[in-house]
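# model the structure of this input:
(4 chains)
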Protein chains: 2
Amino acid sequence: MFPKLDPLLHSELRLAVISILAGVDEADFTYLKKQTGATSGNLSVQIDKLTAAGYITVEKGFKGKMPRTTCKITPAGQEAFKDYVDALKQYLNAKP
Amino acid sequence: MFPKLDPLLHSELRLAVISILAGVDEADFTYLKKQTGATSGNLSVQIDKLTAAGYITVEKGFKGKMPRTTCKITPAGQEAFKDYVDALKQYLNAKP
DNA sequence: ATAAACAAGTTTATAATATAAACCAAATTT
DNA sequence: AAATTTGGTTTATATTATAAACTTGTTTAT
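Numbers count the residues shown, from 1 in each chain, chains lettered A, B, ... in the order given. Below is the predicted model of the structure:
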């Protein structure tokens, strides 16, 4: 009746990040920070977790001289996001 | 863009409880425990939090000689649940 | 040239949460 | 009457989220 919600996605900030990445080819750290309103520290940590889970990949490079961190969702991440949304729906319309 | 998710509802078990209560007149502890698969301890704690928030009310009585704890959603709880669902939708279809 | 301020993060510490384990009282069963 | 079950609560532990502090390098102002 109530499927388990992937704890990696059931987090406000991680969900926002995945949600953004699901709709776009790639996004860099600064963009994600602006869109989510998160602090750098929090964002950094949550990006690490998503990366460790294999839900996103991170590429570090430079834009001019400034460092730039680019994030991209993986197929596994897309799948997990889809599954999470499906599971969540079970919670939102639980009419017995 | 990404509204804040009510932390009281953004919890797997509390969300399941509210979700059940939203669709039914009332439900007792045992029923909630069976439906959610939660441990008694966890359920007890989360019911307390929902009660403290004014999202549900709890009535203690007896069914025969056995104790019985009955939970009911409040108007505030219904409202909060609705708001939560609405907010969540912003996360699930964030196509930029 | 140097100091001050800013950019882009990371690391570490703290606070909050969720969960499980242990416990309790009363009722029921054997 | 001893053991088990019911219906929980309390307390402890593990995990998580978040914020604060720090790092490295860059740009701007003096």
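
# host element of the nearest residue in space to residue A:14 that is not next to it in sequence?
The shortest distance from residue A:14 to any residue other than its chain neighbours is 4.8 Å, reached at residue A:46 (C-beta to C-beta, 6 or more residues apart in numbering or on different chains). Heads up, the C-betas are built off the backbone N, CA and C, glycines and all. Element membership for residue A:46, per DSSP states H and E: helix A:40-52.

# quick check: residue A:49 touching residue A:9?
No - if you go by C-beta atoms under 8 Å, residue A:49 and residue A:9 don't touch, sitting 10.3 Å apart.

# for these two, indicate the residue with more neighbours.
Using other C-beta atoms under 10 Å in any protein chain shown, the more surrounded residue of residue A:49 and residue A:9 is residue A:9, with 23 against 16.

# for the more buried one, phi and psi?
Per-residue torsions, residue A:9: phi -100, psi -20 (degrees, to the nearest 10).

# show me the contacts for it.
A:15, A:18, A:55, A:80, A:81, A:84 (C-beta atoms under 8 Å, 6 or more residues apart in numbering or on different chains).

# quick one: contacts for the first one?
Pointing back at residue A:15 there. A:9, A:84, B:91.

# the third one now?
Residues in contact with residue A:55 (C-beta under 8 Å, 6+ apart) are A:8, A:9, A:18, A:73, A:74, A:76, A:77, A:80, A:81.

# so where is chain A shaky, pLDDT-wise?
A:94-96 (pLDDT under 70).

# helices of that one, start to end?
Taking DSSP state H as the test, the helices found in chain A are A:12-22, A:29-36, A:40-52, A:75-92.
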